[in-house]
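*Asks:* This is a predicted model, with the sequence first.
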Amino acid sequence: MNNIPQHIAIIMDGNGRWAKARRLPRLAGHREGANAVKRTIEAAQKLGIKYLTLYAFSTENWSRPKEEIDGLMDLLCKTLDTYTGEAQQKNFRLLVSGAREELPPAVLEKIEKAVQTTAANTGLTVNLALNYGARQEIVHAVNTLLAQGKKLISMDDISAHLYQPAVPDPELIIRTSGEERLSNFLLWQAAYSEFYFTPVLWPDFNADELQKALDAYAGRTRRFGGV
Ligand code: FPP
């Protein structure tokens, strides 16, 4: 029997399609997506999940129209502000994975404040993947090791130099909206993860949908290459 995973990672996909189906601008989909993030954090906390990684902005997302990027960054700033307050009340901690230095200064400032303010909280850890790319993360780890003078690199060395080395590998990765690929998300950490794909669009995701993913996970046998 598998228990509840300690780390769930989610590729939150389908905001644009959700908005299009309602003849709304794409940003309306992202706004509703932010509400789904709030619901999911609450549900994960109730279930006693320890880590929740959310793919909020990939390194490839910069190719979107400027208006959408600006809107997303603005939404992130506002959400980070709200979450920092809520995190203090609800004892959850915020972390960020990604190439922070390339983010707009306003977002960077909110991130640093959120991470510092919530650092001592002991409940759920919410790890936001922002300007995140898994190949870039691995290259960053290798370059850090080379700069330290390492000649031979082990798997443990790479794990120890990822963006958030203290976050364990996710047992379960969820992707919404019917797409079934990893899209440069947690390539290293996903080596033994279970995958759960659902046609539900991210803005419609909620506690019931999370429970369905957990039920599917509970029915899987994880063998890690053994028998
Ligand atoms: C994918 O949908 C979603 C994103 C690229 C952005 C994710 C952002 C949010 C869920 C909202 C804000 C996040 C936080 C953490 C507050 P898409 O735009 O690719 O949808 P589509 O494939 O239907 O066009």
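*Replies:* Perfect, I can see it now. Predicted, not measured: the structure shown is a model, and the values here were computed from it.
*Asks:* Single out the residue in the chain that lies closest to the ligand.
*Replies:* At 2.3 Å from the ligand, residue 16 is the closest residue in the chain, using C-beta to the nearest ligand atom. Where you see a C-beta, it was placed from the backbone N, CA and C, and this is true even at glycine.
*Asks:* mind listing the strands for this structure?
*Replies:* Using DSSP state E, the strands of the chain run over 7-11, 51-58, 93-97, 125-132, 172-175, 194-197.
*Asks:* which bits of the chain sit near the ligand?
*Replies:* Within the chain, the residues that sit near the ligand (C-beta under 6 Å from any ligand atom) are 12-17, 30, 33-34, 37, 54, 56, 61, 75-76, 79, 128, 177, 202.
*Asks:* Give me the below-cutoff pLDDT ranges for this structure.
*Replies:* 1-2 (pLDDT under 70).
*Asks:* most residues in a single helix of it, which one?
*Replies:* Counting by DSSP state H, the longest helix found in the chain is helix 66-90.
*Asks:* Pull the distance from that one to the chain's centre.
*Replies:* 14 Å (C-alpha atoms, centre = their mean, to the nearest Å).
*Asks:* so residue 131 touches residue 98, yeah?
*Replies:* Yes. Using C-beta atoms under 8 Å, residue 131 makes contact with residue 98 at a distance of 4.1 Å.
*Asks:* if I pick the residue of the chain closest to the ligand, what's in contact with it?
*Replies:* Counting by C-beta atoms under 8 Å, 6 or more residues apart in numbering, residue 16 touches 26, 29.
*Asks:* any idea how far it lies from residue 65?
*Replies:* Computed as C-beta to C-beta, to the nearest Å, the residue 16 to residue 65 distance reads 11 Å.
*Asks:* So for this protein, the centremost residue is which one?
*Replies:* The centroid of the chain falls nearest to residue 54 when counting by C-alpha atoms, centre = their mean (1.8 Å).
*Asks:* For the nearest residue to residue 50 once chain neighbours are set aside, give me its contacts.
*Replies:* Nearest residue to residue 50, sequence neighbours excluded (C-beta to C-beta, 6 or more residues apart in numbering): residue 6, at 4.3 Å. Neighbouring residues of residue 6 by C-beta under 8 Å, 6+ apart: 49-51, 168, 171.
*Asks:* go on, residue 114?
*Replies:* 80, 83-84, 87, 94, 96.
*Asks:* What of residue 204?
*Replies:* So residue 204 contacts 18, 36 (C-beta under 8 Å, 6+ apart).
*Asks:* cool, residue 173 as well?
*Replies:* Per C-beta under 8 Å, 6+ apart, neighbours of residue 173: 8-11, 182, 185-186, 190, 193-196.
*Asks:* swap in residue 126?
*Replies:* Residues counted as contacts of residue 126 (C-beta under 8 Å, 6+ apart) are 41, 52, 54, 83, 87, 92-95.
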